[in-house]
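[1] please find the sequence and the predicted model below.
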Amino acid sequence: MCGKPRYAYDEESATKAISEPAWDILDRGGKRWRPVLLFLVAQALGGSVEQVQDLVVICEVVHNGTLLVDDIEDDSKVRRGKECVHLLFGVDVAINAGNAMYYLPTVVLKQLKGKVPDEQLLKAYEMYCQELLNLHFGQGYDIWWHKGNGKPTVEQYLQMCAYKTGTLARLSAKLSALFAGGTAEQVEALSKFAETVGVGFQIQDDILNLVGAKLAETKGQYGEDIHEGKRTLMVLHCFQRAPAEEAHRLEEILNSHPTDQTIINEAIEIIERNGGITYAREKAREIVLGAWKDVEGVLPPSEAKDKLKAFADFLVEREI
């Protein structure tokens, strides 16, 4: 990947410092829904899995790299049922390995040189660079807000989700449509749809962090968003609609980053009592349905198109 050394490589150190922590997080599994989305987009455009199969690693490796860094930023202890990578390998190793995982997937694009038109490959690199930039701005918003800074609006929250979670879904769809021979109109419609699916996925994740508490509790993540002070869609709804006293109490709890489960439960009860969870569910369904209308008109009828719609619905209705 790095080319011929000018002096000498230390392969053992490279393995220990980058390969092992990267494989540690990848081997833990995960939902892997972005690769599924990539395949479905290609098939809905009349393409094949074989045309895009090498691209599936791109968004999945980047996503897992963000998890290594995100867990450090959030001071998380558990990820997918195991100690976080930074607790196993050290903070310095985890940060560096996570950052390396942002760039490792470009090897896939490099290997396409000479196999696809240069113009197509250039577009792929441009897409990749733009979405990685968006991803970091989305994470920046989220970090800044859960420190108690600023008062984001619902629209600003949705933009944060579009960047933080929607961006890799959008990149999956863009790359798939590009290499499966989609038109400019199809690439644009599918990328917007995928972004919206990512936003809906994030909203549902936020909901499950609270109402999926019994499941999450076994993984050490019960109400973790309350501990982190995250300004989710449900929280913003309560700030706007709850009685002033309850809104103030919720903000107070979030700013204190509680570890006491009783305090965390109090915050969840305020959110539920003021309709935050119902509002978030309805918002997720609304935006995904709206985005699908744009896609429906640019894709020909097919089994793959039906699966794409069903898959999007699943992501915002799931219980896991």
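    In hand now; what should we look at? Numbers count the residues shown, from 1 in each chain.

[2] lowest-pLDDT helix or strand in the protein?
    For the chain, scoring each helix and strand by mean pLDDT, DSSP states H and E identifies helix 213-217 as the least confident one, at a mean of 49.

[3] quick one: mean pLDDT over the helix or strand following it.
    Later in the chain than helix 213-217, the nearest helix or strand by DSSP states H and E is helix 224-228. For helix 224-228, mean pLDDT is 89.

[4] the helix or strand that helix 224-228 is followed by: which residues count as buried?
    Remark: after helix 224-228, the chain's next helix or strand is helix 233-241, criterion DSSP H and E. Counting neighbours by 16 or more other CB atoms under 10 Å, one finds that the buried residues in helix 233-241 are 233-239. C-betas here are computed from N, CA, C, even on glycine.

[5] how far does stretch 313-320 sit from its chain's centre?
    15 Å (CA atoms, centre = their mean, to the nearest Å).

[6] no wait, stretch 234-250
    On CA atoms, centre = their mean, the centre of stretch 234-250 falls 26 Å from the chain's centre.

[7] ranges for the strands of the stretch 51-200 of the chain?
    Under the criterion DSSP state E, counting those that start in this stretch, the stretch 51-200 of the chain carries strands at the ranges 78-79, 82-83.

[8] lowest-confidence stretch among these?
    Looking at the strands of the stretch 51-200 of the chain, the weakest mean confidence is strand 78-79, a mean of 92.

[9] partner strands of that one and their direction?
    Here strand 78-79 has these sheet partners by DSSP bridges: strand 82-83 (antiparallel).

[10] and the contacts of the strand it pairs with?
    For strand 82-83, contacts defined as CB atoms under 8 Å, 6 or more residues apart in numbering pick out 28, 77, 88.

[11] returning to that earlier point: with respect to Leu315, which of the strands of the stretch 51-200 of the chain lies nearest?
    strand 78-79 (20.4 Å; CB to CB).

[12] Gly140 versus the residue nearest in space to the middle of the chain, what's the distance?
    Note on the chain: the residue nearest the mean C-alpha position is Thr165, at 3.2 Å, using CA atoms, centre = their mean. Look at Thr165 and Gly140: by CB to CB, to the nearest Å, they are 14 Å apart.

[13] could you do Glu266 as well?
    With CB to CB as the criterion, Glu266 and Gly140 are 29 Å apart.

[14] got it, and Gln111?
    Separation of Gln111 from Gly140 (CB to CB): 32 Å.

[15] repeat for Thr262
    32 Å.

[16] swap in Phe239?
    For Phe239, the distance to Gly140 - CB to CB - is 21 Å.

[17] ok, now Gly290?
    Applying CB to CB to Gly290 and Gly140 gives a distance of 27 Å.

[18] so which helix or strand takes in the closest residue in space to Arg318 that isn't next to it in sequence?
    Excluding its sequence neighbours, the residue lying closest to Arg318 (CB to CB, 6 or more residues apart in numbering) is Gln204, at 6.3 Å. Here Gln204 sits within helix 184-211, counting by DSSP H and E.

[19] again with Ile287
    helix 276-296.

[20] that helix vs helix 233-241, what angle?
    Between the axes of helix 276-296 and helix 233-241, defined by axes from the mean of the first three to the mean of the last three CA atoms, to 10 degrees, the angle is 120 degrees.

[21] how far does helix 276-296 sit from the chain's center?
    For helix 276-296, the distance to the chain centre is 17 Å (CA atoms, centre = their mean).

[22] list the buried ones in it?
    Applying 16+ other CB under 10 Å to helix 276-296 flags 276-277, 279-281, 283-285, 287-288, 291-292, 295 as buried.

[23] rebuild the contacts of strand 82-83 as TSV, extending it with distance to Glu131, pLDDT and neighbour count.
    As requested, those are exported to TSV (distance: CB to CB, whole Å; pLDDT from 0 to 100; neighbours: other CB atoms under 10 Å):
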residue	distance to Glu131	pLDDT	neighbour count
Arg28	24	95	14
Lys77	29	92	13
Leu88	29	98	14
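
[24] ok, so of these, who is nearest Pro258?
    Each of the contacts of strand 82-83 was scored against Pro258 by CB to CB, and Lys77 proved nearest at 15.3 Å.

[25] quick check: the gap between that closest one and Leu233.
    Distance from Lys77 to Leu233, by CB to CB: 25 Å.
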